[in-house]
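Colleague: Below: sequence and its predicted model.
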Amino acid sequence: MNDLKIRLGIAPIAWTNDDMPELGKENTFEQCVSEMALAGFVGTEIGNKYPKDPDVLRSYLDIRGLSVASAWFSAFLTTKPYEETEKAFIEHMNFLYFMGAKVIVVSEQGHSIQGQMSTPIFKEKPVFTEEEWQALASGLERLGELANAKDMTIVYHHHMGTGVQTTEEIDRLMALTDPKKVSLLFDTGHLVFSGEEPIAIYQKYQDRIKHIHFKDIRKDIAKQVKETEQSFLNAVKLGVFTVPGDGMIDFIPIWEAIENSDYEGWIVVEAEQDPAKANPFEYAVKARKYIREITNS
């Protein structure tokens, strides 16, 4: 895409869900990466079935023309001593470094309700205290320094059910952190689900956005989730997320904003669904076809 300045990947969470491993438990790692490549993608993020040895993983990916775009890291900077997060982060960072990734997806999971099956995603959304905001910002900057030393960048993932979800919370985190140390992940699905304006976020922070997730939202299900006070996990099982072109989001102006910003990096399709209801290969092909239509690449 775009003279290789932008590369297109897809996340394995459509094949096997990390938060609910029973979703897609029958799908193997080899099936997952083979179908990613067959659908026309050149990159992947890391799932729970992926080999932990970089050399072994690379042998599976190279033959399929796939590279590692990044992988999720859970930080607990607001609830645990910094040293605990740092130790786990260094191990995670080194693995991604060996795999050739340039960005590390970080999300603060202190007080997060995204993994709680019965907690309403909107009604019980966590809110950080002043002290927690400071701990988060300073901790992220320290992690960012570690990444920078390896010529890598941390990209913060705003996420439903966490303390950094809304426009105001994204604004606050960006204001509290050094752009040289903390970058931003732009996730279309989480922004729209939360009720934010994705293009406004993109345009405001385009210089700090170093990683992108493309996911779509099924409008009726999102409305149902809010009105019936469903949890994040139940929202996923109900099918609130889908691939670009299959939901309510118009990706054409989003793509235009990305293209006009001279973005360089990965766009990763990430649409966690129940694979028993939404065949991951079929939806991967559908996403690739739609993205080809709107980007001409």
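Modeller: On my side now, so go ahead. Numbers count the residues shown, from 1 in each chain.

Colleague: pLDDT below threshold where in the stretch 51-200 of the chain?
Modeller: Using pLDDT under 70 as the threshold, the predicted model of the stretch 51-200 of the chain has no low-confidence range.

Colleague: does residue 285 sit in a helix, a strand or a coil?
Modeller: Taken by DSSP: H, G, I helix; E, B strand; the rest coil, the conformation at residue 285 corresponds to helix.

Colleague: tell me the SS of the most centrally placed residue in the chain?
Modeller: The C-alpha lying nearest the average C-alpha coordinate of the chain belongs to residue 213 (C-alpha atoms, centre = their mean; 5.4 Å). Following three-state DSSP, residue 213 is assigned to strand.

Colleague: before we move on, what about residue 96?
Modeller: Secondary structure assignment for residue 96 (three-state DSSP): helix.

Colleague: ok, it - contacts?
Modeller: For residue 96, the contacting residues are 68, 70-71, 104, 152, by C-beta atoms under 8 Å, 6 or more residues apart in numbering. Glycine gets a C-beta too; all of them are placed from N, C-alpha and C.

Colleague: just the helices in this protein please.
Modeller: Taking DSSP state H as the criterion, the chain contains helices spanning 29-39, 54-62, 82-98, 130-148, 167-176, 188-194, 198-205, 219-227, 232-238, 251-260, 280-295.

Colleague: What is the second one packed up against?
Modeller: Packing contacts for helix 54-62, counted by 3 or more C-beta pairs under 8 Å, 6 or more residues apart in numbering; DSSP states H and E, involve helix 29-39, strand 67-70.

Colleague: Apply 7 Å and report the result again.
Modeller: For helix 54-62, the packing partners by 3 or more C-beta pairs under 7 Å, 6 or more residues apart in numbering; DSSP states H and E come out as helix 29-39.

Colleague: What lies in contact with the helix it packs on?
Modeller: With C-beta atoms under 7 Å, 6 or more residues apart in numbering as the test, helix 29-39 has contacts from 10, 12, 15-16, 44, 47, 49-50, 60-61, 64-66, 280-281, 284-285, 288.

Colleague: pLDDT averaged over it - what is it?
Modeller: Average pLDDT, helix 29-39: 98.

Colleague: List the buried residues in that helix.
Modeller: The neighbour-count criterion (16 or more other C-beta atoms under 10 Å) identifies 29, 31-37, 39 as the buried residues of helix 29-39.

Colleague: out of the contacts of residue 96, who's nearest residue 87?
Modeller: The shortest separation between residue 87 and any of those is 14.8 Å, and it belongs to residue 104 (by C-beta to C-beta).

Colleague: Now do the same contact list for the closest one.
Modeller: Taking C-beta under 7 Å, 6+ apart as the definition of contact, the neighbours of residue 104 are 70, 73, 92-93, 96, 147, 152, 154-155.

Colleague: thinking again about what came up before, quick one, which of the contacts of helix 29-39 are buried?
Modeller: Buried among the contacts of helix 29-39 by 16+ other C-beta under 10 Å: 10, 12, 15-16, 44, 47, 49-50, 61, 64, 66, 280-281, 284-285, 288.

Colleague: of these, closest to residue 109?
Modeller: Distance to residue 109, by C-beta to C-beta, is smallest for residue 47 among the buried ones among the contacts of helix 29-39, at 17.7 Å.

Colleague: Pretty sure residue 19 is one of the things the closest one touches, is it not?
Modeller: No. Under the criterion of C-beta atoms under 7 Å, residue 47 lies out of contact with residue 19, with a separation of 11.3 Å.

Colleague: Let's see if you can find the most crowded of the contacts of residue 96.
Modeller: Within the contacts of residue 96, residue 70 tops the neighbour count with 31 neighbours, counted by other C-beta atoms under 10 Å.
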